[in-house]
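Undergrad: dropping the sequence and predicted coords here.
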Amino acid sequence: MSIASSLRIASVRQAGPLPGLPLALGMTLVWLGLIVLLPLSALLLKSATLGSGWIKVLHDPRVFAALKLSFGTAFAAALFDTIVGALIAWVLVRYRFAGRAFFDALVDLPFALPTAVAGIALTALYAGNGWIGSWLAPRGIKIAYTPTGIAIALAFVGLPFCVRTMQPVLQSLGAEFEEAAASLGATRMTTLRRVLLPPLLPSMITGFALAFARGVGEYGSVIFIAGNIPRVSQIAPLLIVIKLDEYDYAGAAAVATLMLALSFVILLLLNVLQKKVALGRHD
Amino acid sequence: MKRFVKLLLILLALSLTSSFAASTAFAKDVSLLNVSYDPTRELYKDINAAFAQDWKKRTGDNLDIKMSHGGSGKQARAVIDGLEADVVTLALAADIDAVASKGKLLPADWQKRLPNNSAPYTSTIVLLVRKGNPKNIHDWSDLVRPGIAVITPNPKTSGGARWNYLAAWAFASKTCNAKGACVLDFMKKLYANVPVLDTGARGSTTTFVERGIGDVMISWENEAFLALAESKDNGFEIVVPSISIRAEPPVAVVDEVARRHGTQAVAEAYLKFLYTAQGQTIAAKDGYRPALPQLVDPALLKKFPKLPLVTIDGAFSGWKKAQAQHFDDGGFFDQIYGGGAH
């Protein structure tokens, strides 16, 4: 590849393999330490003051229900975003149509919109008297104030992650691959499965992981559409806020630590999976 | 380039210090931060304007009162965590107690410093239904009927919701002959009818009024008046229940902060202004029951119906006990939702 060869040329001129390793690594560690690890260790210290109270937190059915809800809806939303995001990215990269730049910019809007605005807008749409809700209500479908509503809000805030991670990959892939597959007699399904999917998979997993992580921690947009009924539609971040309002700082830190540990394990697994998939492709 | 950046930084620093110097030169600008709960936005907008005028007349100083609104518990926590409130005007005494005990920002006996338990205005809890009362709701007992959707916020996060909950509890304990289980049963049925548990009173009003969710909203009386006034075409009706609770939202100067800001005098005058004829009249106009009704034109008091009211001290032995029994982790509210009963 051209990048690799240009790197090799650069390395001939430099003494080390890469320039400024000690400085770059030092800065990386300092920043990671200051911005990521310091607040996290403060959190762990706080939850450690709980001591035996941890058992109570772990056994609390409300905590369990809230975690299940948060992780479940975030998973569903991320899955939806990955599939729909792939489609949107493909359309935006492959086709030239009127208003493409407009739609391309539209994808980023959920990033820019304050999450509370998104939550209120979605609730207004999906509530029993909203545009979509009033159409669904007579059919016996309820979205706002149910876990489905939570998943929709999370899908909204997570979509840009998926589209934006896949778009550059599709761009670099070029339409020629798909055309070649077609000219060699591959069906559309085969092209999708054997030509498009393998190179796209690593970025799909990255997009999924980002959307999932965002969804697990999301508060602002969800709170308006969730209904917030304990053990039904109460997300874990709200439970943390409730514990803070009870001045139960240690309990709140414990739930947060649980969430964090779960998220970290899941993200780590996804990272490993992504590396495996990406490596497998180069072999 | 580097020199340019340096120059820019120096300019920035200069402009910052000079603007700071300018603001200290006109020392007659006084500012106060009032940290309040959700539904008092309209009340304090009017009070602040009136008091600033009054203060200007008395001292010549320009007074700028900044407001912060939100769920009462959340606001108390913000003050404890360092929000520099000169005065707090919260939904219930328990929240200011927390500022005193956990934040150590004012003495524990703060509530004795002003008349009427430091509550310049009171309110009560009423039921707001849709126009024509289509579901025929007349009292608390109608709220537990199957198929009635009740809107009330989460008492864990909202002070108003705690008054709502206690008012319903007061009704249940009056009608229940046997103790304990019957009351809890009533509360379970009531909360089983709640489709959305918002985090604050304003959120509940939005759910009920804007989203059209629910048949009845349990509400502050002043919030119910506001909903009536703001949506004449949609149409709501207030249903006065057979019994309710006397809600006393108290006010207090946060001594530590006021001392640091040098605002004790103006902060105290601000709270005392609430007890004047002018302050009481504004409160009554904005839907709060004045603590000193004799100072207010009787015509303004006509909208407040007379109904039997229990008090937090009489029926629940004070906030400390009520808070621990009902709303703390594992309390009755958690038991209503089937958790926390370890």
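TA: That came in fine, so what should we check first? Numbering: from 1, shown residues only, chains lettered A, B, ... in the order given.
Undergrad: so what's the residue sitting nearest the centre point of chain A closest to, chain neighbours aside?
TA: Compute the mean C-alpha point of chain A, and by Cα atoms, centre = their mean the closest residue is A:A211, 1.2 Å away. Once flanking residues are discounted, A:A211 sits nearest to A:G158: 3.2 Å by Cβ to Cβ, 6 or more residues apart in numbering or on different chains. (Each C-beta comes from the backbone N, C-alpha and C, glycine too.)
Undergrad: which phi and psi does that neighbour have?
TA: As for A:G158, its main-chain torsions (degrees, to the nearest 10) stand at phi -90, psi -20.
Undergrad: how far off centre is the helix or strand where the residue nearest to the centre of chain A lies?
TA: A:A211 is located in helix A:197-217, with elements delineated by DSSP states H and E. Distance, stretch centre to chain centre, for helix A:197-217: 6 Å (Cα atoms, centre = their mean, to the nearest Å).
Undergrad: for it, list every residue counted as buried.
TA: Buried residues in helix A:197-217, defined by neighbour count with 16 or more other Cβ atoms under 10 Å in any protein chain shown: A:199-217.
Undergrad: rewinding a little: chain B versus the residue nearest to the centre of chain A, what's the distance?
TA: 25 Å (Cβ to the nearest Cβ, to the nearest Å).
Undergrad: with A:I143 instead?
TA: From A:I143 to chain B the distance is 12 Å (Cβ to the nearest Cβ).
Undergrad: skipping its backbone neighbours, what lies nearest that residue in space?
TA: Counting by Cβ to Cβ, 6+ apart, the residue nearest A:I143 is A:Y126, at 4.1 Å.
Undergrad: which residues touch residue 244?
TA: Chain wasn't specified; assuming chain A. A:A252, B:R77 (Cβ atoms under 8 Å, 6 or more residues apart in numbering or on different chains).
Undergrad: try again with chain B
TA: B:T124, B:I125, B:V126, B:A167, B:A170, B:L307, B:P308, B:L309, B:V310.
Undergrad: if we go to 10 Å?
TA: B:123-127, B:140, B:163-164, B:166-168, B:170-171, B:218, B:221, B:305, B:307-310 (Cβ atoms under 10 Å, 6 or more residues apart in numbering or on different chains).
Undergrad: and for A:P110?
TA: A:A118, A:A155, A:F156, A:V157, A:G158, A:L159, A:P160, A:F161, A:R214, A:S221.
Undergrad: which strand or helix spans it?
TA: Assigned by DSSP H and E, A:P110 belongs to helix A:109-112.
Undergrad: buried set for the very next helix or strand once past that helix?
TA: Later in the chain than helix A:109-112, the nearest helix or strand by DSSP H and E is helix A:115-126. Going by neighbour count (16+ other Cβ under 10 Å), the buried part of helix A:115-126 is A:T115, A:A118, A:G119, A:I120, A:A121, A:L122, A:T123, A:A124, A:L125, A:Y126.
Undergrad: and the fifth one, how far is that from A:V241?
TA: If I follow you right, that is A:A121. To A:V241, A:A121 is 22 Å away according to Cβ to Cβ, to the nearest Å.
Undergrad: now the fourth one
TA: Here the distance between A:I120 and A:V241 works out to 18 Å (Cβ to Cβ).
Undergrad: quick one, what contacts the closest residue to B:A322 other than its chain neighbours?
TA: In space, and not counting its chain neighbours, B:A322 is closest to B:F316: 4.0 Å by Cβ to Cβ, 6+ apart. By Cβ under 10 Å, 6+ apart, the residues touching B:F316 are B:L166, B:W169, B:A170, B:S173, B:I245, B:V310, B:A322, B:Q323, B:Q325, B:H326.
Undergrad: show me just the buried residues among these.
TA: Buried, going by 16+ other Cβ under 10 Å: B:L166, B:W169, B:A170, B:S173, B:I245, B:V310, B:A322, B:Q323, B:H326, out of the contacts of B:F316.
Undergrad: tell me the phi and psi of residue 53?
TA: Chain wasn't specified; assuming chain A. Torsion angles, degrees, to the nearest 10, at A:G53: phi -60, psi -20.
Undergrad: sorry, should have said chain B
TA: According to degrees, to the nearest 10, B:Q53 has phi -60, psi -50.
Undergrad: tell me who's in contact with it.
TA: Neighbouring residues of B:Q53 by Cβ under 10 Å, 6+ apart: B:L63, B:Q278.
Undergrad: check the gap between B:L274 and B:F51 for me.
TA: For B:L274, the distance to B:F51 - Cβ to Cβ - is 9 Å.
Undergrad: let me know the closest of the contacts of B:F316 to chain A.
TA: Nearest to chain A out of the contacts of B:F316 is B:Q323 (Cβ to the nearest Cβ; 9.3 Å).
Undergrad: secondary structure element for the residue lying closest to the closest one once chain neighbours are set aside?
TA: Nearest non-adjacent residue to B:Q323, counting by Cβ to Cβ, 6+ apart: B:A94, 4.9 Å away. Under the criterion of DSSP H and E, B:A94 resides in helix B:93-101.
Undergrad: now B:P134
TA: Counting by DSSP H and E, B:P134 is found in no helix or strand.
Undergrad: what's near enough to touch it?
TA: Here B:P134 is in contact with B:D215 (Cβ under 10 Å, 6+ apart).
Undergrad: just A:S172 next, same as before
TA: A:V93, A:P199.
Undergrad: quick check, it in a helix?
TA: Yes. The assignment for A:S172 by DSSP: H, G, I helix; E, B strand; the rest coil puts it in a helix.
Undergrad: per-residue pLDDT, it?
TA: For A:S172, the pLDDT comes out at 92.
Undergrad: also B:T24?
TA: With respect to pLDDT, B:T24 has a value of 46.
Undergrad: show the subsequent helix or strand relative to the worst-scoring helix or strand of chain B on mean pLDDT.
TA: Least confident helix or strand, chain B: helix B:2-25 with a mean of 52, by mean pLDDT, DSSP states H and E. Downstream of helix B:2-25, the first helix or strand assigned by DSSP H and E is strand B:29-36.
Undergrad: list the buried residues of that following strand.
TA: Across strand B:29-36, burial judged by 16+ other Cβ under 10 Å covers B:V30, B:L32, B:L33, B:N34, B:V35, B:S36.
Undergrad: which one is B:T157 nearest to, not counting chain neighbours?
TA: Once flanking residues are discounted, B:T157 sits nearest to B:T199: 4.4 Å by Cβ to Cβ, 6+ apart.
Undergrad: could you measure from the one you found over to A:A254?
TA: Counting by Cβ to Cβ, the gap between B:T199 and A:A254 amounts to 21 Å.
Undergrad: got a list of what B:Y275 touches?
TA: Per Cβ under 10 Å, 6+ apart, neighbours of B:Y275: B:L114, B:P115, B:N116, B:P120, B:Y121, B:V251, B:A283, B:P290, B:A291, B:L292, B:L295.
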